[in-house]
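Novice: take this sequence and fold it.
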Amino acid sequence: MREKNEPTGRIAGRIRSSSVEKAAARLDKLGVGISLASPAASVPMSDAQPVALPSSPAVSSPAAEDANTSRRTSRRVAINLETMRAAGMVTVSSERSVIAEEFRLIKRPLLVKAFAEGPEKIRHGNLIMVTSARAGDGKTFCAVNLAMSTALERDLTVMLIDADVAKPSVAKTLGIEAELGLTDLIADSSLDLADVLLRTDIERLTVLPAGRPDPLATELLASERMVQFVAEIAARYPDRVIIFDSPPVLMSTIPSVLAPYVGQIVFVVQAEASTQASVDAALSLISGCNNISLLLNKARDLGGTERFGAYYGYER
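Specialist: Residues are numbered from 1 along each chain as shown. A predicted model of the protein is given here:
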């Protein structure tokens, strides 16, 4: 199910690569917000404090969404949870696993920013792009897990969009079949969101597949229709989080096109593999977004850093 060299379920303790720290320091001087540590790793479990999200309207159901957007009905699909569980990913029934706890901590600061009010409010804060410098860093693994974890929230809904249109893998990771998707929606004005959106058997999760390959995919995603689509999905439901699984920054121009549209970016760094040059180059290309957090992936366990061990009955 995972791409070659995808992670097997461990998220890092903290950003340890000096190259990443130097890159972050450089970006900080340029005014780009960087979190030097994976949110999952920066706060010990004993010190973590619950964060209350701002109150929001009642969660809109997929059925209500279909009624509001058009009279067309989105296709319903079943996610292969057994395959995902075997791959060490977050599922609705793995609340007590280590990976589930790690993504609970990862999502919390992202959700706080997504629904901040007053001077802390950011434009399109509920639109989050997940990307990396190169293929194999685990960005799809992190995007899907982030979406699954967020779907467990009581007061939120999640739309997971596969924006890696040249090499889509979200549908495969979830074990679902899809044909039409994002590229078709943007290219064909006769299509409605309901025509391409997939309602999953997880109540609060919908998926927008990548769609059919298009040689002008970058131009499509840079079009005015894409701008209108992003603005619409960001504003239509204030209780919704939209997660984009984007291509690697150094292998596609799509992330730099999407960066100004989204309010937050999660940049996945592969432990002991991402280099100074690749991180520097990639972050400079997506600096159109001012809220970038680094997530260290594929880190080896460090002695004495376990937070979610057998004491609490968590699965490995």
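Novice: what about whatever helix or strand N145 lives in, distance to the chain center?
Specialist: Per DSSP states H and E: N145 is located in helix 139-150. The gap between where helix 139-150 is centred and where its chain is centred comes out at 5 Å by Cα atoms, centre = their mean, to the nearest Å.
Novice: for the record, mean pLDDT for it?
Specialist: Mean pLDDT, helix 139-150: 97.
Novice: pull out the buried positions in it.
Specialist: Using 16 or more other Cβ atoms under 10 Å as the test for burial, helix 139-150 gives 139-150. Glycine gets a C-beta too; all of them are placed from N, C-alpha and C.
Novice: what helices and strands are in contact with it?
Specialist: Helix 139-150 is packed against helix 98-114, strand 127-132, strand 157-162, helix 170-174, strand 240-245, strand 264-270, strand 291-297, with contacts defined by 3 or more Cβ pairs under 8 Å, 6 or more residues apart in numbering; DSSP states H and E.
Novice: just the CA atoms of it, as CSV, please.
Specialist: Listed next in CSV are the C-alpha coordinates belonging to helix 139-150 (Å, rounded to 0.1, in the frame of the first residue of the first chain):
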residue,chain,number,x,y,z
LYS,A,139,4.2,12.9,2.7
THR,A,140,1.2,10.8,1.6
PHE,A,141,1.5,8.7,4.7
CYS,A,142,1.4,11.8,6.8
ALA,A,143,-1.4,13.4,4.9
VAL,A,144,-3.7,10.4,5.1
ASN,A,145,-2.9,9.9,8.8
LEU,A,146,-3.6,13.6,9.5
ALA,A,147,-6.9,13.3,7.7
MET,A,148,-7.9,10.1,9.6
SER,A,149,-6.9,11.6,12.9
THR,A,150,-8.8,14.8,12.3
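Novice: can you show me the helices along this structure?
Specialist: 18-29, 39-42, 62-69, 81-86, 98-114, 139-150, 170-174, 182-187, 193-196, 217-221, 224-236, 254-258, 276-285 (DSSP state H).
Novice: point out the other helices and strands that the fifth one packs with.
Specialist: Right, helix 98-114. helix 39-42, helix 139-150, strand 264-270, strand 291-297.
Novice: tell me who's in contact with K167.
Specialist: Contacts for K167 (Cβ atoms under 8 Å, 6 or more residues apart in numbering) come out as 135, 247.
Novice: for it, give its distance to L258.
Specialist: 16 Å (Cβ to Cβ, to the nearest Å).
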